[in-house]
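*Asks:* okay, predicted coordinates and the sequence, questions at the end:
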Amino acid sequence: MYSPEVLDHFRSPRNAGTLKGASGCGRAENPGCGDEVELTMRLEGGRIADVRFRARGCVATIACSSRLTEMVRGRSAVEALAIEASGIAASLGGLPPASGHAAALAIQALRAALSSAKPVPGTNTVPA
Amino acid sequence: MEEAYLDNNATAPLLPAVFEAMRPYFGERFGNPSSAHRRGREALAAVEEARERVAALVGASAQEIVFTSGGSEGDTTAILGLVSPGDHVITTSIEHHAVLRSCKRLERVGTEVTYLPVEANGRVDPEAVRAALRPTTRLVSVMMANNETGVLQPVEEIGRIAAEAGVSFHTDAVQAAGKVPVAVGRLGCALLTISGHKLHGPPGVGAQYVRRGTFPRPLIHGGPQERGFRAGTENLPAIIGLGVAASLAVEWLAAGAAAEMAAERDRIERTVLERIPASRVHGAGAPRVPNTSSLLFEGISGKALVLGLDLDGICVSTGSACSTGSSEPPYVLRAMGLRPEQAYATIRCSLGKQTTSAEVDHFLRSLPGAVAHLRALSPSWSDGSGGQARGA
C-alpha cells in the first residue's frame, strides 16, 4: 500500500522538530481525520534557510511533511509556494488513494508559515 | 519477522479442528441438503448437527437457529424484517453499522428511531430504554458487546424492560458469542445475531436465533431453506465449520479459559499504563469481553501507530475494521465523550484463542518505541522539551 519512499520518511523523518528563532511558523489541521502539521522556518535573503516540521497524523501526512521540508530548503518563498500536492506525492512514489489530504495539509502549513514570516529589511516581502 | 496477530475482533483465524471438519464438505461430502437422494440426506444431517451445536452455544433449541451469511445479514434481517413504517425503534449510538444503517434506511420510509447515548464507560442505561418506550415501539436493538471497546451492555435488564412492555428485543451478539456465556432465555430476546468468523469459524456464515413465534420478513427470497426464514442453498462447509467452532467455544468457556484470556488482556493494559505516559484504557471500569483492549495514547494518530506496529509484524486496529477505509471519526469513542483527537489517538487490540503470550510480549516490546516515535514528531505532545501537550 505504501511506497518504499513513504515508509522511509515515516521511519526516518527528515527535519523533524521545531526551529528556535524561527521567522515563520504555520499550522494546518484537517478536522475530518484529526491530522495536523506544523512547519517552522527561518528565512534569510528571501530564501528558506532552515525548516522543521512536526506532524500528528497518518503515515502519509508524516511522509509528505517530511518530504516537503526537503523540497523547500534553500528555495525562495515564490518557488516554495509553487510546489503542488501532486508534486510531493510523485516525489514519494505516489500515495494510496485515501491519502489525498496529506500532501495538501503539508502545503497548507507551508503557506501559513510563509505568511507569518516577518520580512527581512531589504528583501522581497513575503506574499500573503 | 516475528508476528503478532492482535486484531481478532476484525476476524479470527479458523481453529485447526474447524478447518479439518469443513474440508470433506468441499470434497467428497459435497451435497445439497435439499436433495432427495442419499448425498442430500447426509448433507442435511450434517447441517442439522451444526444447528444443534450452535443452539447449544446460546441455550436455544435447534428449531430456533437460522443460518445466514453472517452478522450483517443477521442484524439487517432483525431490523428490516420486524419493523414497518410508522413503527418506533430504540437502539444505541454505538451499534455496529449493520444495525445503524438498517435503522437509517427505515427512517427514510417513516420509521422513527431513538439512538440512546452511552455513559463515559460505554454502557447504556437500561432506564433510558424504559424512558424511550412509546406505544408505537416495535423493537429494541442493543448489542451485547461493543466491537471497538469490548464493553458489555446490560442486556438482561434491557431484555426484561422490553418484555414487560411487550416489545421485541434484538441483540447483536457478534462480538460476545463464544467469548462470554450467552443464554437467550435469560436475555428474553426475540432475535440474536451471531457471526462465524468472530468465533474462529469461517467467514461468510452466521446464525440468527429466532425465538419461536417471531417471524422477521426474510431478506433473501427463493427456495424453502431454513423453514422459510432465509432462502438459498446452504453454505454446507461453512455451516459445518460454524457448528464446530460453536462447540469449541462452549468447551473453552466451560474450561474457564476466558479468565486466562482476560488476565493476558489485563497484563497488556497494566504494562501500557505503567510504561507509557498519558495512556488510557477505554471502558476499563465496565464489564467487558475478555479479549478486547481499547487503548488511548495522547498526542498521536492511532492510524499511524497501527502502521508503525505493522512494520514490526504486529496487527492491531483503530476502532473497527469497517471504518478503516473511511476517514470518519470513531463514533463509538465519541459517544463515550472522548474529544475527536482522543478518539483518533486510540487503537484496539483484540486477542484470539490462538494468541500466545509470545505474541503479546512482542507487542508490548514494540509498543513503547512506536508511540515514542510518533510523539517525538507530534505538535500535540510535549515531553518537556518544548511545544504544548493537550491535557487529557
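*Replies:* Okay, I see it.
*Asks:* residues of chain A that sit close to chain B?
*Replies:* A:2, A:7, A:10-11, A:13, A:16, A:18, A:27, A:31-38, A:54-59, A:61-62, A:98, A:101 (Cβ under 8 Å from any Cβ of the partner chain). Backbone N, C-alpha and C define where each C-beta goes, glycine included.
*Asks:* quick check: the nearest residue to B:Glu52 once chain neighbours are set aside vs B:Leu199, distance?
*Replies:* In space, and not counting its chain neighbours, B:Glu52 is closest to B:Ala62: 4.9 Å by Cβ to Cβ, 6 or more residues apart in numbering or on different chains. Distance of B:Ala62 to B:Leu199, given as Cβ to Cβ, to the nearest Å: 18 Å.
*Asks:* then B:Gly188?
*Replies:* Noted for B:Gly188: a distance of 23 Å to B:Leu199, by Cβ to Cβ.
*Asks:* just B:Glu341 next, same as before
*Replies:* Distance of B:Glu341 to B:Leu199, given as Cβ to Cβ: 34 Å.
*Asks:* equivalent analysis for B:Gln354, please.
*Replies:* To B:Leu199, B:Gln354 is 12 Å away according to Cβ to Cβ.
*Asks:* what touches both of these two?
*Replies:* Listed as contacting both B:Gln354 and B:Leu199 by Cβ atoms under 8 Å, 6 or more residues apart in numbering or on different chains are B:Ala12.
*Asks:* more neighbours, B:Glu341 and B:Leu199?
*Replies:* B:Leu199 (28 against 20; other Cβ atoms under 10 Å in any protein chain shown).
*Asks:* where do the helices sit along the chain?
*Replies:* Let's take chain A. Assigned by DSSP state H, the helices in chain A fall at A:4-11, A:59-72, A:77-81, A:85-91, A:100-116.
*Asks:* you answered for a different chain; I wanted chain B.
*Replies:* B:16-26, B:38-58, B:71-82, B:97-107, B:126-132, B:155-164, B:184-187, B:236-254, B:257-275, B:302-310, B:331-335, B:340-343, B:357-377.
*Asks:* B:Ala246 is in contact with B:Arg53, isn't it?
*Replies:* Yes - B:Ala246 is within contact range of B:Arg53, at 4.7 Å (criterion: Cβ atoms under 8 Å).
*Asks:* which one of the two has more residues nearby?
*Replies:* A direct count of neighbours by other Cβ under 10 Å for B:Ala246 and B:Arg53 places B:Ala246 higher, at 28 against 23.
*Asks:* would you mind measuring from the closest residue in space to the more buried one that isn't next to it in sequence to chain A?
*Replies:* With sequence-adjacent residues excluded and distances taken as Cβ to Cβ, 6+ apart, B:Ala246 is closest to B:Leu57, at 4.2 Å. Separation of B:Leu57 from chain A (Cβ to the nearest Cβ, to the nearest Å): 37 Å.
*Asks:* so what pLDDT did B:Leu57 get?
*Replies:* Note on B:Leu57: pLDDT of 98.
*Asks:* how about the closest residue to chain B within chain A, phi and psi?
*Replies:* Nearest residue of chain A to chain B: A:Gly34, at 3.4 Å (Cβ to the nearest Cβ). Here is the backbone geometry of A:Gly34 (degrees, to the nearest 10): phi 80, psi 10.
*Asks:* name the nearest residue to it, sequence neighbours excluded.
*Replies:* That would be B:Tyr344: by Cβ to Cβ, 6+ apart, it lies 3.4 Å from A:Gly34.
*Asks:* tally of neighbours for that neighbour?
*Replies:* Residues near B:Tyr344, counting by other Cβ under 10 Å, number 27.
*Asks:* test for you: state the pLDDT assigned to it.
*Replies:* 93.
*Asks:* give me every residue that touches it.
*Replies:* A:33-34, B:301-303, B:318, B:329-330.
*Asks:* at 10 Å what do you get?
*Replies:* Applying Cβ atoms under 10 Å, 6 or more residues apart in numbering or on different chains to B:Tyr344 gives the contacts A:33-35, A:56-58, B:296, B:300-304, B:318-319, B:327, B:329-330, B:333-334, B:338.
*Asks:* cool, A:Asn15 as well?
*Replies:* For A:Asn15, the contact set (Cβ under 10 Å, 6+ apart) comprises A:39-41, A:50-53, A:65-70, A:72-73.
*Asks:* in PyMOL, how would I select the buried members of the residues you listed?
*Replies:* To isolate in PyMOL the members of the contacts of A:Asn15 that are buried, counting by 16 or more other Cβ atoms under 10 Å in any protein chain shown, one can use:
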select buried, chain A and resi 39+40+41+50+51+52+53+65+66+67+68+69+72+73
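*Asks:* tell me which of the contacts of A:Asn15 is nearest to B:Thr76?
*Replies:* Using Cβ to Cβ, A:Ser65 is the member of these that lies nearest B:Thr76, at 41.7 Å.
*Asks:* isn't that closest one up against A:Gly17?
*Replies:* No - applying Cβ atoms under 10 Å, one finds A:Ser65 not in contact with A:Gly17, separated by 11.7 Å.
*Asks:* on that earlier part again, pull out the buried members of the residues of chain A next to chain B.
*Replies:* The neighbour-count test (16+ other Cβ under 10 Å) applied to the residues of chain A next to chain B identifies A:2, A:7, A:10, A:13, A:16, A:18, A:27, A:33-38, A:54-59, A:61-62, A:101 as buried.
*Asks:* ok, the closest residue to B:Pro287 other than its chain neighbours - contacts?
*Replies:* In this structure, B:Pro287 finds its nearest non-sequential neighbour in B:Leu152, 4.4 Å apart by Cβ to Cβ, 6+ apart. Applying Cβ under 10 Å, 6+ apart, we find B:Leu152 in contact with B:122-123, B:143-146, B:175-176, B:179-180, B:283, B:286-289.
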